[in-house]
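> structure here, sequence nowhere to be found:
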């Protein structure tokens, strides 16, 4: 994330969070690290659709991924949400992003 324009980063997170399926995925990943098949089973959407959402979440810096054999496991990047919380609290305190 370092070196990335913070205005772009924050607006990208807002865009990513605008999709209900991604919120569902993040709610599941907030509790445990999972692969695409495990996520698809829990959110009841197809594996290809989950893979698509995971790519978007990863590009936005909202999730981390790690490879184990043929599987890729995903977890939430809590630092991204801490940063977002700071931006929102800053807005609440100052009225400006």
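Here it is on my side, so go on. Since we're looking at a predicted model, the values are computed, not measured. Residues are numbered from 1 along each chain as shown.
> for the rest of this, base every contact and every neighbour count on C-alpha atoms.
Fine.
> pLDDT below threshold where in the protein?
The model of the chain has pLDDT under 70 over residues 1-10.
> now the spatially most central residue of the chain: how far from residue 91?
In the chain, the centroid-proximal residue (Cα atoms, centre = their mean) is residue 62; its distance is 3.1 Å. Going from residue 62 to residue 91 by Cα to Cα, to the nearest Å gives 21 Å.
> what does the longest helix anywhere in the chain rub up against?
In the chain, taking DSSP state H as the definition, the longest helix is helix 78-94. Applying Cα atoms under 8 Å, 6 or more residues apart in numbering, the set of residues contacting helix 78-94 from outside is 10, 13, 61-62, 96-97.
> what do you get for stretch 37-51?
21, 24-25, 28, 36.
> same check on stretch 67-74?
29, 33-36, 63-66.
> columns secondary structure on top of these, output as JSON lines?
Shown next, in JSON lines, are these (DSSP: H, G, I helix; E, B strand; the rest coil):
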{"residue": "29", "secondary structure": "helix"}
{"residue": "33", "secondary structure": "coil"}
{"residue": "34", "secondary structure": "strand"}
{"residue": "35", "secondary structure": "strand"}
{"residue": "36", "secondary structure": "helix"}
{"residue": "63", "secondary structure": "strand"}
{"residue": "64", "secondary structure": "strand"}
{"residue": "65", "secondary structure": "strand"}
{"residue": "66", "secondary structure": "strand"}
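> can I get the buried part of these as one PyMOL selection?
Buried residues among the contacts of stretch 67-74 (16 or more other Cα atoms under 10 Å), as a PyMOL selection:
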select buried, resi 29+33+34+35+36+63+64+65
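> where do the strands sit along the protein?
Per DSSP state E, the chain carries strands over the ranges 34-35, 63-68, 71-76.
> burial measure for residue 75, as a count.
Here the count is done by other Cα atoms under 10 Å, and residue 75 has 20 residues near it.
> backbone dihedrals for the nearest residue to it once chain neighbours are set aside, please?
Leaving aside its sequence neighbours, residue 75 sits nearest to residue 33 (Cα to Cα, 6 or more residues apart in numbering; 4.8 Å). Main-chain torsions, residue 33, degrees, to the nearest 10: phi -80, psi 130.
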